[in-house]
Structures are given as C-alpha cells and as structure tokens.
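>>> no FASTA, just this:
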Ligand SMILES: Nc1ncnc2c1ncn2[C@@H]1O[C@H](COP(=O)(O)OP(=O)(O)OP(=O)(O)O)[C@@H](O)[C@H]1O
C-alpha cells in the first residue's frame, strides 16, 4: 500500500497525512503505479533552479536487508552522476516510511508507450523524420551509458519518457537495485516483448541485449505494435528466439529498415553496437539534420530569451525608479509642513531660474550669430580703418541686441527680485503656517505642487504591486537540453566515437552498476 498521500484538495486524501517528504518534497498528485513503484508528481520546496516539479518513485523495501538497502542507495548515487539530455535525470534517493524513494526529472509528455497508444487510438503514425530523431536521441543515450559500462536491462517504450519532444531513457536498473540482482527470474516478472534471444536462452545479458530492446522500440515507433507479438508468453519467447526478423512497412526507408534489422540480429556478436549505429551514414545524416534543427531552435530561443531579458531589465529599472520616487516622497512626507513648503518654494525657484538661464543662453547665441553674420558681410568691402569704424558701428548696431542682455538681465533681476519678493512674501506667509500638520495641510491644499500628495503615491504603489511577473523564465531548463544534445551530436559527428574502441573507463574507481558479460566490452 502507498505510504504517501497527495496534497489535500488535489485528491481523496487525509489532510493529516499530507506532509513534507524528506523535509523538502510536497506531493502534488499520483501519476501512476507500475509493477515496482508508485509514482508521484512532487514539488521540490528547496530547489534553487527552475525545476520545481519532480517525480518521486516510492518503492516498498519489503524485506530488504539493511546492507542491501545501503547497496541500493550507493548504486542510486552512481545513477545520479549520469548527465545526458537523453537520460532521465536521477536526482537523489532516500529511505522514508519504509519505502525506498527515488527523485527524478519530471516529463510532462509522459512515456513513449502512452504516446504510441494515443497515436494508435487516433489512427495516426509517426513520420520517418520524427522516428529518426527519437532513434538518434536514444542511440546517443544508450551509447553514453554503455561507454560507462552501465546496462539498462529494461529498455521498453514505458521506460522512455518524453519532454519537449526529447526522449529520455528512465527507470534505470531500478528493479535491479531493489531486487539486489537482475537474474532471469526477476526479468520474467516483467514483459518479454523487448527481451533478447540470448537473455531468454540464459546466455547472459550484455550491452547488445540493450540494443535488441532498442530495435524492438524502433519497430514499435514505426508500426505501433510489438516487434514480437504472440498469444501468450511462450509464443512471444519462441518468436523472439526462433522466428524471422520483422520488417518495417514500405512507408519507411530501406536504410531505416536495415538498421532496425541489424539491431534485431539474433546473434549478439553480429548485432550492431550503439557506437556503430551512430557511425552509420544513415544515422549520421539524421544527426546532422537534427543538429541543424536544434541549432536554429536554440538561436530562436536565445533571441526570445534576449527580448525577455531586456523586458525584465526594463521592468527592474522602472521598479527601481518607482522605489526611488517613493523613497523621496516618504522623505518629503517626514518633513514638517513648513519644511515641505520651503522645499516646494525652492523647487519652484530652481525651475524658474532654470528657465531664465535658458532664455539668456538663447539670446546670447542669437546675438553671437548676428555679430558673426554682420562681420562676414562687411569684412571684404572696407579698409582696415573703415573696418575699425564700421566695427565700432557694428558694435553700436549690435548694442541694442547686446543691451537686450542687460535688459534681459534687468528682466532677470526684475524677475529675481519679483521672485525674491514672492519668496519674501512666501517667507512672510511662512510665518503664518500653522504648526499643526493637519491645519497646515489644509493651508496648502490648493497648492500648485499637489502632485506630491499621498493619494498619488498610493496609486503608484498599487501599480508597482501589479507589475506583471514573467512566468516564461520557468521554462529555461529546456534550452540546456537542446544545447547538451547538440554537443553530444557534435561529438559523434566529429568522430569522437572512436574512443569506444580504445576504451578507458571514464568512471574509473566507480563500481559498475550491473554485472555484464565481457564479450561486448573491449579490454583496455
Ligand atoms: N519521470 C516521469 N515523468 C512523468 N511521468 C512518469 C515519470 N516516471 C513515471 N511516470 C509515469 O508514472 C506511471 C508509473 O510509472 P512506472 O515507471 O512506475 O510504471 P510503468 O513503467 O507503468 O510499469 P513498470 O513498473 O512495469 O515498468 C506511468 O504512467 C509513467 O508514465
């Protein structure tokens, strides 16, 4: 029976049972139940990344011995070191309420089995480019684990998850972790549809057995039925071990068909490996077109992100400006009515002085231009002496203009004196300001500086609260998947697969996740 319950209001659960799991996860809803585990969508309350929604797999430990539990935890930690866009991210594992819990990435688009079922129901099929895209991703993922000498052992459509059209291999050896071993008896509790002839005939399981399963998945993506279908378990097993290799319908290319058949080669030593499949001309071409597509997607994404960033910066600036204004206003509000009035008068005087200064500057420029114009008009006509006289005349002629400045100055001084008069009057009025704040506010209620009033700031505070938040930034995780996938494709296209044959264990010193027959692994 399940030990965890969904959040109240989201399902039929008891409020007292909804609590924080491992001090950080809140159950949102139950996603389903498989043969080993109950799966929940959880909210991670402690993550600092945008990935708030995760999946919790709850597996009852039953009568696992304590050392077996430790073993499972260690191996789960090993899985958490895998980092590939085509592999479901395994975050952590822990024991809680007698259950072994695994936290993984959440794939909104569910699993491949669901997807194929839906296509079948609606009478649709997958196009060859789509099949090739997913096949390439799966090959990259399988190659990645095989390079690290990790076997999946349970590749099937139900264990392939889809997120933003990227397929992710999940449920890594979970059953093996929990069972302590992955013997044939364990395997027989599951489905035989994807099992290789060598596994079914007790000849061991190696990396090529994973490739067989992948061949079955490829067939299923194209035909929406199992590659080896039978009335009962035995009929399926017989077909796998002795039956003919299936073919794809003619709607799919000859190259795709022959690749699938080389994956479903009954003799595992003649079966293609992930590295060889990735090196084939057909997959190389698919990788290239997928890389181009992903590249333009990331570019588009980047430009969209650029626009989003720009609007975020703009909003932040507006917010800052608004806060600054509010702060200044609150300073003003802290002032006594008299101080406030003085500030207003000073601001008014400043503004007036600024305007007058501008007028003086304009007049000066005007004068200067006239002077220059006059000089250039007369310079060539007169002798040096006359020029002197003329210049004097000119100076005289310009005097009215020049005298405008003094006039303006006098106007300025008039203005200033008027201003200071006003100021004096204001100051005298100052003396009449009531000391009682309320009375003082009434005294200045028809003031020309009403824009500083509290009502205004209240209004703006509202608008600040209403600043829209940008939910799109929560989807940033997707871009890194595409970028990581491009990197992995580039590695393959740049011929870096050669490393597999001169293989050095990249996880040297780390225990292998499952035992494997060494026939498929080159000895360093
Ligand atoms: N990471 C995930 N993201 C989204 N849905 C998931 C995730 N993991 C599991 N699920 C969903 O939870 C349900 C149960 O999954 P689970 O893997 O336990 O069982 P199964 O694959 O259906 O069966 P089996 O245990 O036989 O493999 C499935 O519907 C699956 O699609």
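Happy to help now that I have it. Keep in mind that this is a model prediction, so the values were computed, not measured. Numbers count the residues shown, from 1 in each chain.

>>> Might one say that residue 171 is in contact with residue 159?
Yes - the pair residue 171 / residue 159 is scored as a contact, 4.2 Å apart, by CB atoms under 8 Å. The way it works is simple: take the backbone N, C-alpha and C, and place the C-beta from them, glycine included.

>>> what sits against the nearest residue to residue 266 once chain neighbours are set aside?
Closest residue to residue 266 apart from its sequence neighbours, by CB to CB, 6 or more residues apart in numbering: residue 197 at 4.9 Å. Going by CB atoms under 8 Å, 6 or more residues apart in numbering, residue 197 touches 203, 212, 240, 241, 266, 268.

>>> Assign a three-state SS to the third one, would you?
Right, residue 240. Under DSSP: H, G, I helix; E, B strand; the rest coil, the three-state class of residue 240 is helix.

>>> Excluding sequence neighbours, find me the nearest residue to it.
Spatial nearest neighbour of residue 240, chain neighbours left out: residue 228 (4.8 Å); criterion: CB to CB, 6+ apart.

>>> Please determine how far the one you found is located from residue 125.
The gap separating residue 228 from residue 125 is 20 Å, by CB to CB, to the nearest Å.

>>> higher neighbour count, these two?
A direct count of neighbours by other CB atoms under 10 Å for residue 228 and residue 125 places residue 228 higher, at 22 against 17.

>>> Which of the three states applies to that one?
Under three-state DSSP, residue 228 falls in the coil class.

>>> so it sits right up against residue 239, yeah?
Yes - the pair residue 228 / residue 239 is scored as a contact, 4.5 Å apart, by CB under 8 Å.

>>> anything in contact with each of those two?
In contact with both residue 228 and residue 239: no residue, using CB under 8 Å, 6+ apart.

>>> what about the chain, any weak spots by pLDDT?
Filtered on pLDDT under 70, the chain yields the residue ranges 1-18, 63-71, 74, 173-190, 377-479, 496-524.

>>> now the strands for it?
Ranges of strands within the chain are 25-33, 38-44, 53-60, 90-96, 99-105, 160-163, 166-169, based on DSSP state E.

>>> Show me what the fourth one is packed against.
The contact analysis (3 or more CB pairs under 8 Å, 6 or more residues apart in numbering; DSSP states H and E) places strand 90-96 against helix 66-80, strand 99-105.

>>> Could you rerun that using 10 Å?
Packed against strand 90-96, as judged by 3 or more CB pairs under 10 Å, 6 or more residues apart in numbering; DSSP states H and E, are the following elements: strand 53-60, helix 66-80, strand 99-105, helix 174-179.

>>> Please verify my assumption that residue 90 contacts residue 101.
No - the pair residue 90 / residue 101 is not scored as a contact, 11.9 Å apart, by CB atoms under 10 Å.

>>> wouldn't residue 21 be in contact with residue 97 here?
Yes - Residue 21 is in contact with residue 97 according to CB under 10 Å; the separation is 8.3 Å.

>>> quick one: which of these two has more around it?
Neighbours were counted for residue 21 and for residue 97 using other CB under 10 Å; residue 21 has more, 21 against 10.

>>> I'd like to check which residues are in contact with the residue in the stretch 201-350 of the chain positioned nearest to the ligand.
Closest residue of the stretch 201-350 of the chain to the ligand, CB to the nearest ligand atom: residue 213 (12.9 Å). By CB atoms under 10 Å, 6 or more residues apart in numbering, the residues touching residue 213 are 142, 152-157, 159, 193-196, 199, 227, 263-264.

>>> now do 8 Å
Residue 213 makes contacts with 152, 154, 155, 156, 194, 195, 196, as judged by CB under 8 Å, 6+ apart.

>>> Dihedrals phi and psi, the third one?
Read that as residue 155. The phi/psi pair for residue 155 (degrees, to the nearest 10) reads phi -70, psi 120.

>>> how much space between it and the ligand?
The gap separating residue 155 from the ligand is 11 Å, by CB to the nearest ligand atom, to the nearest Å.

>>> Residue 217 is in contact with that residue, correct?
Yes - Residue 155 is within contact range of residue 217, at 6.6 Å (criterion: CB under 8 Å).

>>> Just want to know which of those two has more residues nearby.
The neighbour comparison of residue 155 against residue 217 (other CB under 10 Å) goes to residue 217, with 28 against 25.

>>> neighbours of the residue nearest to the more buried one when sequence neighbours are not counted, just the number please.
With sequence-adjacent residues excluded and distances taken as CB to CB, 6+ apart, residue 217 is closest to residue 157, at 5.8 Å. For residue 157, the neighbour count with other CB under 10 Å is 20.

>>> residues contacting residue 157?
Per CB under 8 Å, 6+ apart, neighbours of residue 157: 111, 112, 113, 116, 217, 220.

>>> Check residue 489 too.
Residues in contact with residue 489 (CB under 8 Å, 6+ apart) are 136, 140, 287, 290, 291, 294.

>>> Counting residues, name the longest helix you see in this structure.
In the chain, taking DSSP state H as the definition, the longest helix is helix 281-334.

>>> Against which helices or strands is it packed?
Contacts defined by 3+ CB pairs under 8 Å, 6+ apart place helix 281-334 against helix 128-147, helix 254-263, helix 274-279, helix 454-465, helix 477-493.

>>> from these, which stretch is densest packed?
Ranked by mean neighbour count, these are led by helix 128-147 with a mean of 22 (mean count of other CB atoms under 10 Å).

>>> For beta bridges, what are the partners of the residue nearest to residue 91 when sequence neighbours are not counted?
Nearest residue to residue 91 in three dimensions, chain neighbours excluded: residue 103, at 4.3 Å (CB to CB, 6+ apart). With DSSP bridges as the criterion, residue 103 is bridged to residue 56, residue 92.

>>> Can you give the domain ranges for the chain?
Domains of the chain are assigned by the TED database as 19-105, 110-279.

>>> on that earlier part again, buried ones among the contacts of residue 157?
111, 112, 116, 217, 220 (16 or more other CB atoms under 10 Å).

>>> So which of those is the closest to residue 332?
residue 111 (62.1 Å; CB to CB).

>>> In the protein, which residue sits closest to the ligand?
Taking CB to the nearest ligand atom, the chain has residue 34 as its residue nearest the ligand, at 2.1 Å.

>>> Contacts only, for that residue.
When the contact criterion is CB under 8 Å, 6+ apart, the partners of residue 34 are residue 158.

>>> Equivalent analysis for residue 252, please.
Residue 252 touches 128, 131, 222, counting by CB under 8 Å, 6+ apart.

>>> What separation do you get for it and residue 330?
In terms of CB to CB, residue 252 sits 71 Å off from residue 330.

>>> which bits of the chain sit near the ligand?
Within the chain, the positions adjacent to the ligand are 31-37, 39, 55, 88, 104-107, 110-111, 158, 161, 170-171 by CB under 6 Å from any ligand atom.

>>> Could you count how many residues lie near residue 99?
Neighbour number of residue 99 under other CB under 10 Å is 21.

>>> Would you mind measuring from it to residue 38?
The separation that residue 99 has from residue 38, given CB to CB, amounts to 9 Å.

>>> swap in residue 45?
Taking CB to CB, one finds residue 45 at 21 Å from residue 38.

>>> more neighbours, these two?
More crowded of residue 45 and residue 38, by other CB under 10 Å: residue 38, with 19 against 11.

>>> Name the residues linked to the more buried one by a beta bridge.
For residue 38, the beta-bridge partners under DSSP bridges are residue 33, residue 58.

>>> May I ask you to confirm that it is in contact with residue 30?
Yes - contact criterion CB under 8 Å: residue 38 and residue 30 qualify, at 6.8 Å.

>>> Next up, the contacts around residue 214.
Neighbouring residues of residue 214 by CB under 8 Å, 6+ apart: 138, 139, 142, 155, 263, 274.
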